[in-house]
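In: A predicted structure for the sequence below; I have some questions about it.
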Number of protein chains: 2
Amino acid sequence: MHHLTGHSYLGGASDQPSGHTFDAINPANGATLAPPFHEATSAEVDLAVTRAVFAFDAFRSLSPESRAAFLEAIIEETLALGDAFLERCSAETGHPLARCAQERDRVVKHTRQFADLLREGSWVDARIDHGDRDRKPFPKPDVRSLLQAIGPVAVFGASNFPIAISVLGVDTISAFAAGCPVVVKGHPAHPGTCELAASAVLRAAERTGMPEGVFALLQGSKHEIGSQLVRHPALTAVAFTGSLRGGRALADLAAARPVPIPVYAEMGSVNPVFLLPEALATRGEQIAAGFVQALTVGVGQFCTNPGLVAGLDSPAWTTFTELAQEKAAAVAPATMLHPGIHQAYVLGVAQRQGHPRLQSLGTPATPPDPARHEAAAYLFTTTRQGLVEDPTLLDELFGPSATLVRCDKSADLVAIAEQMEGSLSATVHGTEADLANHAELLSVLSRKAGRLICNGYPVGLEICDSIHHGGPYPAATHSYFTSIGTRAIHRFVRPVCYQDWPGSLLPVELQDANPRGVMRMVDGVRRR
Amino acid sequence: MHHLTGHSYLGGASDQPSGHTFDAINPANGATLAPPFHEATSAEVDLAVTRAVFAFDAFRSLSPESRAAFLEAIIEETLALGDAFLERCSAETGHPLARCAQERDRVVKHTRQFADLLREGSWVDARIDHGDRDRKPFPKPDVRSLLQAIGPVAVFGASNFPIAISVLGVDTISAFAAGCPVVVKGHPAHPGTCELAASAVLRAAERTGMPEGVFALLQGSKHEIGSQLVRHPALTAVAFTGSLRGGRALADLAAARPVPIPVYAEMGSVNPVFLLPEALATRGEQIAAGFVQALTVGVGQFCTNPGLVAGLDSPAWTTFTELAQEKAAAVAPATMLHPGIHQAYVLGVAQRQGHPRLQSLGTPATPPDPARHEAAAYLFTTTRQGLVEDPTLLDELFGPSATLVRCDKSADLVAIAEQMEGSLSATVHGTEADLANHAELLSVLSRKAGRLICNGYPVGLEICDSIHHGGPYPAATHSYFTSIGTRAIHRFVRPVCYQDWPGSLLPVELQDANPRGVMRMVDGVRRR
């Protein structure tokens, strides 16, 4: 079992910790968890990136098989951390152990997917256009290209997935798969979980012979550490999951660098749900149950939990709101991730309770315990007109609260969709006839969201090749890229093109014989 | 024949021109070319984008065949402009008619490639992961995704390709192919060429039934017009080809918007050429001839012309520099694109002539005529130490001038490559043994450039699927994306994901039957 040091990790535990420390807190009781964690020093930030620079050439040149073996070793070493890993995570975040285990399962799954992606190999998008020396009026050169690693990457994990979107998240794993060394700025709400995960990554790196410097963990509770990291001249990209405010701040910093770099920030969204009339009339109770489950799972602390429900005024709508409130009130309050998130939620709920355009649907059966940083579910109602008068009602409130919007006519649903900012997801419940009758709504939603869901719920993201977890701003900083799923690797590569390059010096995927058998585009035709 | 109006084009010629005009100038004699061109008004900028917003839903929903027919109509209408188009272009830019015709050929070629891309259809990267309702512990949803158009796009054309990288460039054509309406801010150095090209696009749009507002041309010589366009809330992306200063200014504006949008700027680069010893010893004369041709073609006004040559000090290097100077001096001076570019070149050459770390290799046989805005070729030499003492010597000077860097040892070549900023291209001349002996140089260059060329020259970009015209900053603002070649379409799309979406409402490329027969990734396997 790894013994927590409270230090940053650069190859091994830092031997010159700053002495300026911060504490991990158990949100379920407010208690401090040992050990104290040392804020990374400016020298450590620089050293982490410098080591990553030195690792880069060796790491990007490894065979896909070598990097796949590294990823698989990360799985093994993570599992080898055993129950202690889950217990520390649970203590730092209030997540039940079962949830921690689910997150670990998710790490195993996405890490294996990237190992498989590397072995299959076609993701590099190899393209070959053969030359023709006799072409008139100009000879045609031989041109080939494929995707290659960009350089050292910084990862800022999320508080709400302390295992699956943190040190071991798709950000780190996809960057490794691409061939990019990673410097993680650990989330200060779960530093022990971060250190344990980092120890697993470093053991895996050592065991599989990865170059020194391929991974570092910087601990810290201060913005300055992240700012210094993002401004480091040798850094080439940043991945971030968290709040709009945090993501935008990093993106602004990165855009203002002498050499700007991309910040791939996934910043959450309101994830609206539209209830169409026939579906509401025939499945209202079932939808209410599913909605409340999606709203409150994980204490509503998902980027994808639904914060807004819109439907047409009708007896079925009234029944739906009553049922949803009844079910929401019955959900037992639970501990949120950390005191800061809890405080923001409590304030947000209080503001909504006093908001002139909102009507509170009731209070929870069991009051939440502030000492345990508990949140209860709160539902509010408003009208389309309410959203027009105060567009901030469309903003996300992180936690198990949602606003139900009563509309007079179908055009109001369309207007709400148009008013929405970019969203990770948009959900529609409708029968075949409903969907046919609301084609314009579907069209607008397809401009606004990264993922469209029919007769389901946005939580429970499926980890697969076709998933897209992103969307128009502010869901993400760049709508082309996803932070979940195998397409996430594209954030950390760029095309490199070879003109009349000697065959023996070409990357193997571009060699005529195609020894890896990858799918390529050869003279305009896609084939293996 | 189209009669030039001097107005901006929004569906047809603007009927309320501003009255504030600027003139097109013939750089070969300084004469004003009729008619005067009206600066687009603030209202016209807004109207152009608003019309594009209204066009977007209809345009993106068209079948690929419809958009391909539009592209082909653009080819036909462009050709139908006849010689008058080439003559106007030549008059506005000093380009010989043959060069103008080459650019038009290039437009035909790249436009046809995008029409072919649309018909083949696999570029949308369709992915399907089938659901499984019985999966434990959670049912697996059906998840599918593909690339879809993002919205209205602004295009800022380049001065140096008045036909092929302007109104009719890959930026406009790839955005149309993606399904995005386009607002072009015309380059003020060739407004008549822009208006003629715009008339062809609008005739093609009308003939093929494209929605109103799919294209607009804004004329203007003032930065404010471009700034207003980039800040317009309904704009979703910007494509730009031009100077580092111009591209960075637009990127900074776009990054500071309430909703930031990407600016895909291709900003040129120094395009270094490394001459390895055996190649220099055996082919020095041939390389000198090829280099001077690449340096001076088009009066050195390519993003890709080679501005720096590095080699090891030797008798072969001395002979190379002498031969290069002899050939460069013999190249007849020629008219540059416009007075501003000419002035910048003359100033840049004068600065280099007086620079303490540079030695001028000589003067042209025929002096350039300033009244005709002519440029001659100038070569300078320096040492590795000279570049260390003044790194600005590695900056691009737009025009037919280059610096030859004499190095003492192979490590100096590596050091120069490391010192370089991101570049569109990097070229190496070497025998098999040379390349084997300079593996580190090749490795560094593969981190620095978008395109690596062996025993050739960076100019004469091949327009094909595998080309990459971009690279690490400042070659481009985002190294993942290219401005030339079919991959350029990825700038104007984003993945849209469908979860449990009814089959009949899915985009055709995601339907189970795959009626278009596109290459897809289905349950992890790539197939048609």
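Out: Received, thanks.
In: buried residues of stretch A:232-239, list them for me.
Out: Of all the residues in stretch A:232-239, those buried under the rule 16 or more other C-beta atoms under 10 Å in any protein chain shown are A:232, A:235, A:236, A:237, A:238, A:239. In short, each C-beta sits where N, CA and C put it, glycine included.
In: sorry, wrong one. I was asking about stretch A:69-80.
Out: A:69, A:70, A:71, A:72, A:73, A:74, A:75, A:77, A:78.
In: again with stretch A:285-302
Out: A:287-288, A:290-292, A:294-302.
In: need the contact partners of it.
Out: Applying C-beta atoms under 8 Å, 6 or more residues apart in numbering or on different chains, the external contacts of stretch A:285-302 come out as A:94-95, A:99, A:160, A:273, A:275, A:279-280, A:305-306, A:309, A:319-320, A:323-324, A:327-328, A:331, A:334-337, A:341, A:375, A:377, A:398-402, A:429, A:456-460.
In: immediately after the lowest-mean-pLDDT helix or strand in chain A, which helix or strand?
Out: Ranked by mean pLDDT, DSSP states H and E, the helix or strand of chain A with the weakest confidence is strand A:12-13, at a mean of 83. Beyond strand A:12-13 on the C-terminal side, the first helix or strand identified by DSSP states H and E is strand A:21-26.
In: so where's chain A shaky on pLDDT?
Out: For chain A, the stretches flagged by pLDDT under 70 are A:1.
In: for the helix ranked longest in it, packing partners?
Out: In terms of residue count, the longest helix belonging to chain A (DSSP state H) is helix A:97-120. Counting contacts by 3 or more C-beta pairs under 8 Å, 6 or more residues apart in numbering or on different chains; DSSP states H and E, helix A:97-120 packs against helix A:64-80, helix A:82-93, helix A:170-178.
In: that helix vs helix A:170-178, what angle?
Out: If you take axes from the mean of the first three to the mean of the last three C-alpha atoms, to 10 degrees, helix A:97-120 sits at 20 degrees to helix A:170-178.
In: who does the following helix or strand past helix A:97-120 pair up with?
Out: Once helix A:97-120 ends, the next helix or strand along the chain (criterion: DSSP H and E) is strand A:127-129. Sheet pairing for strand A:127-129, assigned by DSSP bridges, gives strand A:143-149 (antiparallel), strand A:520-522 (parallel).
In: distance from strand A:127-129 to the middle of the chain?
Out: 34 Å (C-alpha atoms, centre = their mean, to the nearest Å).
In: got a list of contacts for stretch A:479-491?
Out: The contact list for stretch A:479-491, computed with C-beta under 8 Å, 6+ apart, reads A:110, A:113-114, A:117, A:123, A:147, A:165, A:170-171, A:174-175, A:177-178, A:237, A:239, A:241, A:262, A:264, A:266, A:422, A:450, A:461, A:463-473, A:476, B:150, B:480, B:490, B:493-495.
In: test my guess that residue A:431 contacts residue A:278.
Out: Yes - Residue A:431 sits in contact with residue A:278 when judged by C-beta atoms under 8 Å, with a separation of 4.2 Å.
In: contacting residues around the longest helix of chain A?
Out: Helix A:97-120 has contacts (C-beta under 8 Å, 6+ apart) with A:64-65, A:67-69, A:71-72, A:74-75, A:78-79, A:85-87, A:89-90, A:93, A:95, A:123, A:161-164, A:168-170, A:173-174, A:176-177, A:298, A:463-465, A:484, A:486, A:489, A:518, B:524.
In: any buried residues in that helix, and which?
Out: Within helix A:97-120, the residues that count as buried by 16+ other C-beta under 10 Å are A:99-104, A:106-108, A:110-111, A:113-115, A:117-118, A:120.
In: go on, stretch A:82-102?
Out: For stretch A:82-102, burial by neighbour count (16+ other C-beta under 10 Å) applies to A:85-86, A:88-95, A:99-102.
In: same check, this time on stretch A:55-69
Out: For stretch A:55-69, the neighbour count (16+ other C-beta under 10 Å) marks A:55, A:56, A:57, A:58, A:59, A:60, A:62, A:64, A:67, A:68, A:69 as buried.
In: for that stretch, which outside residues touch it?
Out: A:114-116, A:118-119, A:121, A:148-149, A:151-152, A:176-177, A:179-181, A:208-214, A:516, B:443, B:447.
In: residue A:429 pairs with what?
Out: Per DSSP bridges, residues listed as beta-bridge partners of residue A:429: residue A:275.
In: tell me, how many residues neighbour it?
Out: Applying other C-beta atoms under 10 Å in any protein chain shown, we find 26 residues neighbouring residue A:429.
In: my read is that it contacts residue A:272, right?
Out: No - at 11.6 Å, residue A:429 does not count as touching residue A:272 under the criterion of C-beta under 8 Å.
In: need the max-distance pair from the buried residues of stretch A:285-302.
Out: Largest separation among the buried residues of stretch A:285-302 by C-beta to C-beta: A:287 and A:301, giving 22.2 Å.
In: before we move on, back to that, in strands, which of the contacts of stretch A:285-302 fall?
Out: Residues from these lying in strands, with DSSP state E as the criterion: A:273, A:275, A:309, A:334, A:335, A:375, A:401, A:402, A:429.
In: residue contacts, the third one?
Out: The contact partners of residue A:309, taken as C-beta under 8 Å, 6+ apart, are A:272, A:273, A:274, A:275, A:291, A:324, A:402, A:403, A:404, A:405.
In: what number of residues lie near residue A:240?
Out: Close neighbours of residue A:240, defined as other C-beta under 10 Å, add up to 29.
In: quick one: it is in a strand?
Out: Yes - counting by DSSP: H, G, I helix; E, B strand; the rest coil, residue A:240 is found in a strand.
In: for it, what are its contacts?
Out: By C-beta under 8 Å, 6+ apart, the neighbours of residue A:240 are A:155, A:156, A:246, A:247, A:250, A:263, A:264, A:265, A:266.
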